[in-house]
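K.L.:
fold the following.
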Amino acid sequence: MSLHSQGICDYGDYHLVLNKIKGIDKSEFSEFKVLQRDKLLYTYKYDSLARFTEAKFYIERIENSCDGTKYAYYVYSKTEQPDIIKVTDDYGTHDAKLTYYDNGNLKQINYNDFLFVDYEYNLKNQIKTIKKDRKVYRYLWNEENKIEKITIDFLSNGRKQEIKFIYENNLLKEVLHTQLSRGYLQINKKYTYKYKNKCLSEIIYMNMRTNAIGYYNYSYDDKDKLIITINDSNKKYIKHYECYY
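P.N.:
From the prediction side, this is the model:
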């Protein structure tokens with residue numbers, strides 16, 4: 001678990017391409033880039049402790065209450081249990097203040113008295129709840145300590161989403177993204193996972209509402225990086241990730 005593996009705005013969300021809970025699961029990469037052919041779209045960088053340190057965006061971004069910046073740099077006050085993260089972005093330099101439970105688990109991030117991220121844990125020290133930006137993320141783990149379900153409650157409008165994880169032979173087989181509609185949770189998106197020699201080789205994405213299909217193909221041919229290519233329903237190139245170890 002790495003509680004500093006993501007920008008503050010993204011904490012709690014699930015990354016369906018890199019397959020990790022943002023800000024919870026440890027990044028195995030020192031950097032990843034997203035490109036369209038040779039056009040760089042954005043980059044993320046991490047330090048040797050898998051802590052998020054830098055993001056740069058080269059595309060137009062929609063500004064909201066927490067994000068929309070073109071760049072961000074994170075500097076940690078110390079190696080173990082930092083109490084301050086200095087965040088520098090388009091709007092200047094701000095402090096993110098961190099507090100901890102007695103057992104050392106992160107309790108809260110107070111970002112410039114503007115955004116609060118609160119953490120709760122279960123008896124196994126696994127993340128149980130993250131509250132931020134009028135949203136509550138709830139995490140359910142299976143007996144093999146793999147994530148089984150993420151429930152997201154939107155406190156501002158009563159919306160609800162669920163992300164369910166289905167395993168086969170201890171490997172992730174499907175991810176189902178559902179949301180509350182007319183009082184029922186309905187499947188919105190489906191991700192099917194394929195493997196080669198127990199390594200993830202392809203994810204097939206289907207939008208259950210529009211029947212749109214996409215393909216994420218994973219290539220391990222380069223020793224220093226993982227390449228993830230995203231293709232449309234006709235298997236034509238859209239963009240790709242370059243993930244450096």
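
K.L.:
now do the nearest residue to residue 227 once chain neighbours are set aside against residue 12, distance only.
P.N.:
Among residues not flanking residue 227 along the chain, residue 219 sits closest, at 4.4 Å (Cβ to Cβ, 6 or more residues apart in numbering). All C-beta spots, glycine's among them, are computed from the backbone N, C-alpha and C. Per Cβ to Cβ, to the nearest Å, residue 219 is found 29 Å from residue 12.

K.L.:
looking at these two, which is more packed in?
P.N.:
residue 12 (25 against 12; other Cβ atoms under 10 Å).

K.L.:
list the contacts for that one?
P.N.:
The contact partners of residue 12, by Cβ atoms under 8 Å, 6 or more residues apart in numbering, come to 21-24, 117, 130, 132, 135, 137.

K.L.:
pLDDT check: weakest of those?
P.N.:
Within the set of the contacts of residue 12, pLDDT is lowest for residue 23 (68).

K.L.:
which strand runs longest in the chain?
P.N.:
strand 184-196 (DSSP state E).

K.L.:
neighbouring strands for the following helix or strand past that one, and are they parallel or not?
P.N.:
Downstream of strand 184-196, the first helix or strand assigned by DSSP states H and E is strand 199-207. If you go by DSSP bridges, strand 199-207 pairs up with strand 184-196 (antiparallel), strand 213-219 (antiparallel).

K.L.:
count of neighbours near the closest residue to residue 96 other than its chain neighbours?
P.N.:
Take residue 96 and drop its neighbours on the chain: the residue closest to it by Cβ to Cβ, 6+ apart is residue 85, 4.1 Å away. Per other Cβ under 10 Å, the neighbour tally for residue 85 reads 20.

K.L.:
which ones are touching residue 85?
P.N.:
4, 8, 74-77, 95-96, 98, 109 are the contacts of residue 85 under Cβ under 8 Å, 6+ apart.

K.L.:
tell me the pLDDT of it.
P.N.:
91.

K.L.:
and it, how far from residue 130?
P.N.:
17 Å.

K.L.:
what does residue 26 give?
P.N.:
Relative to residue 130, and taking Cβ to Cβ, residue 26 is found at 16 Å.
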